[in-house]
Structure formats: C-alpha cells, structure tokens
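Q: let me see the structure of the following:
(2 chains)
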Amino acid sequence: MMSLAARLAGIVCALACALPAFANDLEDAAKHLKAGQHKQALERVNKALAAKPRDPQARFLKGLILTEQGNSKEAIDIFTKLTQDYPELPEPYNNLAVIYASQGQYDRARAALEQSIRTHPSYATAYENLGDVYAKLASQAYDKALQIDSSNTAAKNKLSLTRELVGRPSPTMMAAAPKEAAKPEAPKPETSKPGPEKPVAPAADASEEVLKAVNGWAEAWSKKDADAYLAYYAKDFKTPGTEARAEWEKSRRARITAPKSIAVGVESAKVTMSGAERASVTFRQNYRSDVLKSNTRKTLVMVRANGRWQIVEEKSG
Amino acid sequence: MRALAFLLLLVVSGAFAAPTPEDKLSRVFESIEGNRLDEALTRVDTLIREYPNFRLAHLVRGDLLLARSRPLQTFGNVEKTVPPEKVDGLRDEALARLRALRERPADDRLPRSVLQLHAEQKHVLMVDSRRSRLYVFANAQGRPKLIADYYVTLGKNGIDKARQGDQKTPVGVYHVTANLPRKKLTDFYGAGAFPINYPNEWDRRQGRNGHGIWLHGVPRDVYSRPPRASDGCIVLSNPDLESVGQHVQVGLTPVIISDEVEWSDAADVERERAALAAALEQWRADWQSRDTERYLAHYSSRFAAPGQDLNAWGAHKRKVNGAKQWIKVGLSRVAMFRYPRERDFVVVTFDQDYKSSGLSNVMRKRQYWVKEGAVWKIIYEGAG
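A: This is a model prediction of the structure:
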C-alpha cells in the first residue's frame, strides 16, 4: 500500500512512449497521492483525463484520489462507470465495495465484491475483503436477532482498496497486490482446512492426471452425459446427507439431464496430493445452464484405483 | 413418472397449506444439512424479507454469512458481549421448532387425555410444554383429529403454576373464557387474547392462586419469543394466534396444558372412556333409584363440594332424596378429559337435567373423578 508510486510506475511506463505528457501527468498524480497531496494529485489526473477522458488507468487513479479525499460520492460515480465500461475488471468493483463498506452499506459492498470475484475468481484482495464484509453482515444479522442497536457498525472497517488497475489476470498482479506482498506463496481464496493430509511434493504427472479427471468430469457434466459423469464417482463416494447411492444417482441424473444446456468451467484449480493415491482438488466451479448460473468454490477428494482417479467426496461452498 | 406424481402431490398438498415461516426455516436447515449453504442463505433471505421480525432467522443468517468468513464455533456465533440467555433463548427456539417438525406423532395415535368431546366442542387445544407446542385437534365424531400445531412461548420459570407472580404456566384442564380482540389490548398482546379459567376448581382446592393466564399474540416488533419468556401466559406469533382463534369457542374450547402430550392407541383411549362412562351412568342410575347409600358410594372419602365435605353432602342428599317420590336424571353434552400430572384423574363436564317430584332444574355440572383401587370415585362436584 505504501510503495504505490513504485508500483504504479510499472504500469504507466508502458504508456509513456505513446503519450509522454499523459504518462507524466499520471505518474505525477500517483506521486502526489502517495505524498498525501490530494489537491495536486487531482489537478494532475484531471490534466491527464483532459487528454484521454476515457482512459481506465487515469479514471481509476482519480477514483483513488477522491476516495482518499473522502469524496465518496464522486469516487463511487467513477468506479461505477468503470465497472460499466470494463465489466471484466475486478478492481473497480473491489474499490466500490470498500467505499460502500466504509459507509456501512455492507449489502452493496457484498454485491460489488461478489461481482469482482465473478469476473476474476482468483482475486485475493476481493476475497479477503469479502470475508470481512460477510463478518460485518453477520454481526448486523446477530444484532437484529438480539435486537441490539447496530448503528455503530459502520464505525471502522479494515477493507483494502486496490491501488492498481491491472486488467488481466496475471501472476504479476497477484504478486503485486498489496496484501500479497507479505505472503510467501500464492494466496488461497479462503481458509484452507488444515487437513490431515500432508502435502507431499506432488509428482507433476500425478496432479496432472487428477486435473485431467476433474476436467473430464466437468466435460461429461457439460455434455449432459450422466453415465460418463456418474462414472467419475467412486463406489464408496460419500453421498450428501444419508442419501442412498441409488437415490443420489437418480437425483443427479435428473439434474443433469433436465436443463437444455449446461456449461461447467473449472477455474483456479489447486491440487493437493496426499500420497500417490489420494488428492484433494479445490477450484471455482463456474456453472451455467439455461436456467441457472452459479459460481461456487468446490473441493473434490479423489482417489486412484485401477489407474483411474475417482471422486470420493464432494464439498461446495 | 413417479417423480412427476410426487411433484404433483407436493403441488396439491401445497394448495391446502401454504408453507409457514417455520416450514421455511426448516427448509433453510435442510439446505445447511445438505451443505448447500448458498441455497440456505437465499432461503433465509427470502424468509427475512417476508418476516423481518423473525429474530431466529436473523441469527441463522448471521451464521451463514459468518461461515463465509471463517469456520463457525457454534450455533449463533454472536461475539459481542450480550447476556448469554439472549442467544440461548434463540437457540432453544430453533431446537423446539425443528424438533416439533421432525418428531411428528403418528397418524393413528391419539392424545390420551381426550377421552370424550361433546358434539358442540368443535376443537380442543393441547399444550406440550416440553416441546413448546400447541396442538389443535378437531372433533371428528367425538374423536380428536390433529389438524395443526404451533410453536408457543410459556412461562419464564416453566410450568406448574402455584403462586401469583411465579412466572409459571399452569398445568391442568381449562377452557377459554373470553375473546379479547386486538383493539381492546395494548400492542404487547399482539393480534388478540383468549383468557382461560386458571385457577380452576382443582387449582383452588390445591391452594394455587394467581390469575390472568391468557393465550395471546406478540408485539409488533417481534415475530416470536423464546420458549420460556412469558409471565405464565401461552404466547403465539400473531399469524398463529389468528389461526388458532378461528377454532376457539368461548366457554367451550378446552385448553389442556401438560408436561408432555401423552399419545395413545385409539383402543386404549376407548377402554378408558368406556370405563368412565359406565361409572358415570351407574352414578346417574343410582341417584335416580333414590337408594341414597348406593348413590353416596360413588363419592370418595376425600370428596368436597364448594362449602361441603362428604358428611355434609351425604346428610343433605339423604334428606332431599328421601323426601322424593321419584327422581329422573338425564345427562347430555358429556365431555371427559384425563387430568395431566395427576394419576388416574378425570374431569367430567355435562348438562344435568334433573326432574323430581317437587323440583326440576337443568344445569351444567363439573365433576372430578379419581380411581381408588379399581373403582372410579367422585372427589369434587360443582357447577361447570
């Protein structure tokens, strides 16, 4: 969060060759912002915007400056328009959420963050912010349950503004995200369970095999091929609740064949091997059918038997 | 095909009874148990939109949101420093509601207490304090048929009321004595109130006091209250009170409050009813026979009527009966209920049509019968 200018420099340098004056203005604006000189920062960014009024970087920076100035109304306006013009960018949603949260509007903050994650399932800052927003919403719900005055819940929040507009999902973005700087490894979106399995250094080909199986499972589902889909479940698969296997299969079959079309995407998959025969795969499951869209976190526990990786446990949320 | 038939069944049954907020809460818990937390949150959101004052729903929603943020420790993960009984009250409510929905009495079971209803008593209300539940039975040719049941709040200090101010709900057989509409009450009583006749004859004889035990609704700002929260009244949510109110006949509808509704076979209930009915008929016949000693043999040595013990009662009857040339006694509109908590103890209420040489009168009468050895005897008799 502190070395904003340094990090911004990297982004704007690409533009410098094409439009030196514009780039200089942006860079200066970022420096002023870092120094807490909001007025000068705003002047500079407005100058840059005069040259390129629709430029997302400049608009994003202006949004940041206004946020730091406490001008939430205009900042919301800028970030909202950015989400409309660039719905694929997660950062404007995130910052919009931070402002909403600072106003105690946690429902709106939640909606914006969920949108941010939908556009960009591995966006760690949004995940962390969303965790905080959920906690705040939970606290409000408890207050309603117990009839406690919750007027002071807007008092403070520790949500992080995103300082940079990166645009495309890329490993460098993850590394550069301010919260991630301190973390030694790639972020996991949510609390990962300290399970009993010891992550053994996975043989590269084993985890690839597992991923292949997961993709095959998603593909069979997308094709509405219930037989192929069910074949990915091991004999001893733990059905939800106390449902008998036959009942479960029946309901799955019905669910899979009912929609006209299904597309299941597997995103940001992470394989954790426990030994050579057992693996746990966590990913974002992007499900779309003609009747329903959902994006959920899913974990499949898989075991290898007779050379095939099959699902023994399926957990979502 | 079978799936379709099932769906049709759901639609049809849905047409008869729209899901109550409690049904909807139960579906939220089903989603949670099925690990479909997104669905659970959607369902609880819908429930709260419809019933914004349903505090328990807010508690569940809090948990569902918090679960997205971090692992949960318990049900109702309130971290603020609030009196623990506030959260406990909601937890207890959740348990009571869920248990009631999951532990349904089998269709062929009858409440052991209801031995006989008379034709004009269209319904009987029974309160199961352990389950925080009020059951409504319809009178189906004299036999109780369960038609609805509701979550209820009872006294802060539980049941078995004995003293004024003990914040307990009485245990016994009562009936509704009045109908107080919303506009005559403060907001605290919500949609209305139905006072019951606590303390009844038996309570008074046991030295129990206090008054003002009502069935009533809840204030505007809540949907329901925790299971143990009233000063002794039986409290229902306003929509539930309104539903129950449709079945209440002032002066007629029995309200039986017990630790637990005891469920029994139709055959066992009938056996007990028949034994009581036979005893009652013998009492009537012996009275009519003017053989006063046979008549008095139906009375327990512990008998007492208002202002009279068995001796006074016997002396009076010997005098009156002896002077008659003839007596005719007709009984009608007979109702019989086993009394909760007491052993082999039955309240019998009937219209007594008394005709004799010299005097005739018709009155509503109440008797309490107790089984002594193998014989049913009268321990109290008075106007009903």
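
Q: every contact and neighbour count from this point should use C-alpha atoms.
A: Noted.

Q: what does chain A have sitting close to chain B?
A: Neighbours of chain B within chain A, by Cα under 8 Å from any Cα of the partner chain: A:130-132, A:134-135, A:137-142, A:144-147, A:190-191, A:240-241, A:315-317.

Q: and the helices in chain B?
A: Ranges of helices in chain B, per DSSP state H, are B:2-16, B:21-33, B:37-50, B:55-69, B:84-102, B:201-205, B:238-245, B:266-288, B:292-296, B:310-322.

Q: check chain A too.
A: With DSSP H as the criterion, chain A has helices spanning A:4-16, A:20-34, A:38-51, A:56-69, A:72-85, A:90-102, A:106-119, A:124-146, A:171-176, A:204-222, A:226-230, A:245-257.

Q: dump the third one to CSV, restricted to CA.
A: Output for helix A:38-51, consisting of C-alpha atoms alone and laid out as CSV, is shown next (Å, rounded to 0.1, in the frame of the first residue of the first chain):
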residue,chain,number,x,y,z
HIS,A,38,-4.5,15.2,-2.8
LYS,A,39,-5.1,18.6,-4.4
GLN,A,40,-2.1,18.4,-6.7
ALA,A,41,-2.8,14.8,-7.5
LEU,A,42,-6.3,15.7,-8.6
GLU,A,43,-5.0,18.5,-10.8
ARG,A,44,-2.6,16.3,-12.5
VAL,A,45,-5.0,13.4,-13.0
ASN,A,46,-7.6,15.8,-14.4
LYS,A,47,-5.0,17.1,-16.8
ALA,A,48,-4.3,13.5,-17.9
LEU,A,49,-8.0,12.9,-18.3
ALA,A,50,-8.4,16.1,-20.4
ALA,A,51,-6.1,14.4,-22.9
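
Q: pLDDT of it, averaged?
A: The average pLDDT for helix A:38-51 rounds to 94.

Q: tell me which residue in the stretch 251-384 of chain B sits closest to chain A.
A: residue B:259 (28.4 Å; Cα to the nearest Cα).

Q: near the spatially closest residue to that residue that is not a sequence neighbour, how many other residues are there?
A: In space, residue B:259 comes closest to residue B:129 once its chain neighbours are excluded; the distance is 5.0 Å by Cα to Cα, 6 or more residues apart in numbering or on different chains. Neighbour count of residue B:129, defined by other Cα atoms under 10 Å in any protein chain shown: 24.

Q: repeat for the one 3 residues further on
A: Using other Cα under 10 Å, the number of residues around residue B:132 comes to 25.

Q: measure it to chain A for me?
A: Note on residue B:132: its distance to chain A, by Cα to the nearest Cα, to the nearest Å, is 20 Å.

Q: got a list of what that residue touches?
A: Shown in contact with residue B:132 (Cα atoms under 8 Å, 6 or more residues apart in numbering or on different chains): B:96, B:151, B:152, B:153, B:154, B:227.

Q: residue B:324 now?
A: B:290, B:356, B:357, B:358.

Q: can you pull the pLDDT of the residue nearest to residue B:239 when sequence neighbours are not counted?
A: Excluding its sequence neighbours, the residue lying closest to residue B:239 (Cα to Cα, 6+ apart) is residue B:191, at 7.7 Å. Looking at residue B:191, its pLDDT is 96.

Q: ok so, going back, format the contacts of residue B:132 as a markdown table; extra columns: neighbour count.
A: Formatted as a markdown table, the contacts of residue B:132 follow (neighbours: other Cα atoms under 10 Å in any protein chain shown):
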| residue | neighbour count |
| --- | --- |
| B:96 | 19 |
| B:151 | 28 |
| B:152 | 31 |
| B:153 | 30 |
| B:154 | 29 |
| B:227 | 29 |
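
Q: ok so, going back, verify the stated contact: the residue nearest to residue B:259 with residue B:151.
A: No: the criterion here is Cα atoms under 8 Å, and residue B:129 misses it with residue B:151 at 10.1 Å.

Q: center of chain B - which residue?
A: Centrality entry for chain B: nearest residue to the mean C-alpha point is residue B:126, 2.3 Å, by Cα atoms, centre = their mean.

Q: who does that residue bridge with?
A: residue B:135, residue B:256 (DSSP bridges).

Q: tell me who's in contact with it.
A: Residue B:126 sits next to B:134, B:135, B:136, B:137, B:255, B:256, B:257, B:258, B:261 when contact means Cα under 8 Å, 6+ apart.

Q: same thing with residue B:382?
A: By Cα under 8 Å, 6+ apart, the contact list for residue B:382 reads B:305, B:306, B:365, B:366, B:367.

Q: who does it bridge with?
A: residue B:366.

Q: what residues does chain B put near chain A?
A: With Cα under 8 Å from any Cα as the criterion, chain B comes near chain A at residues B:33-38, B:54-59, B:61-66, B:68-70, B:76, B:78, B:86-87.

Q: select only the buried ones of those in PyMOL?
A: Here is the PyMOL selection string for the buried members of the residues of chain B next to chain A, based on 16 or more other Cα atoms under 10 Å in any protein chain shown:
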select buried, chain B and resi 34+35+36+37+38+54+55+56+57+58+59+61+62+63+64+65+66+68+69+76+78+87
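
Q: so where is the chain shaky, pLDDT-wise?
A: This is for chain A. Residues of chain A that meet the criterion pLDDT under 70 lie in A:1-19, A:149-158, A:166-204, A:241-242, A:291-293, A:317.

Q: actually it's chain B I care about, not the one you picked
A: For chain B, the stretches with pLDDT under 70 are B:1-17.

Q: what residues go with each domain of chain A?
A: A:4-180, A:204-316 (automatic domain parsing).

Q: highest mean neighbour count out of those?
A: Among the domains of chain A, domain A:4-180 has the highest mean neighbour count (mean count of other Cα atoms under 10 Å in any protein chain shown), at a mean of 20.

Q: OK, contacts around the closest residue to residue A:47 other than its chain neighbours?
A: The shortest distance from residue A:47 to any non-neighbouring residue, by Cα to Cα, 6+ apart, is to residue A:25 (6.8 Å). Listed by Cα under 8 Å, 6+ apart, the contact set of residue A:25 reads A:44, A:45, A:47, A:48.

Q: hmm, 10 Å instead?
A: Going by Cα atoms under 10 Å, 6 or more residues apart in numbering or on different chains, residue A:25 touches A:31, A:41, A:43, A:44, A:45, A:46, A:47, A:48, A:49, A:58.

Q: over to residue B:254?
A: Residue B:254 makes contact with B:114, B:117, B:121-126, B:173-177, B:196, B:248, B:335, B:337, according to Cα under 10 Å, 6+ apart.

Q: find residues that contact each of residue B:129 and residue B:151.
A: Taking Cα under 10 Å, 6+ apart as the criterion, residue B:129 and residue B:151 both touch B:227, B:234.

Q: show me chain B divided up by domain.
A: With domains defined by automatic domain parsing, chain B comprises B:2-102, B:110-264, B:266-383.

Q: export those domains to JSON lines and append columns for distance to residue A:220.
A: What follows is the domains of chain B, written out as JSON lines (distance: least, Cα to Cα, whole Å):
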{"stretch": "domain B:2-102", "distance to residue A:220": "22"}
{"stretch": "domain B:110-264", "distance to residue A:220": "47"}
{"stretch": "domain B:266-383", "distance to residue A:220": "56"}
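
Q: mind checking which of those is nearest residue A:260?
A: Nearest to residue A:260, of all the domains of chain B, is domain B:2-102, at 18.6 Å by Cα to Cα.

Q: tell me the contacts of residue A:126?
A: With contacts defined as Cα under 10 Å, 6+ apart, residue A:126 is in contact with A:90-91, A:93-95, A:97-98, A:110, A:112-117, A:120, A:132, A:159-162, A:189.

Q: quick check, nearest of the contacts of residue B:132 to residue B:283?
A: Minimum separation from residue B:283 among these (Cα to Cα) is found for residue B:154, which lies at 38.7 Å.

Q: what about that closest one, distance to residue A:63?
A: 56 Å (Cα to Cα, to the nearest Å).

Q: perfect, I'm done here.
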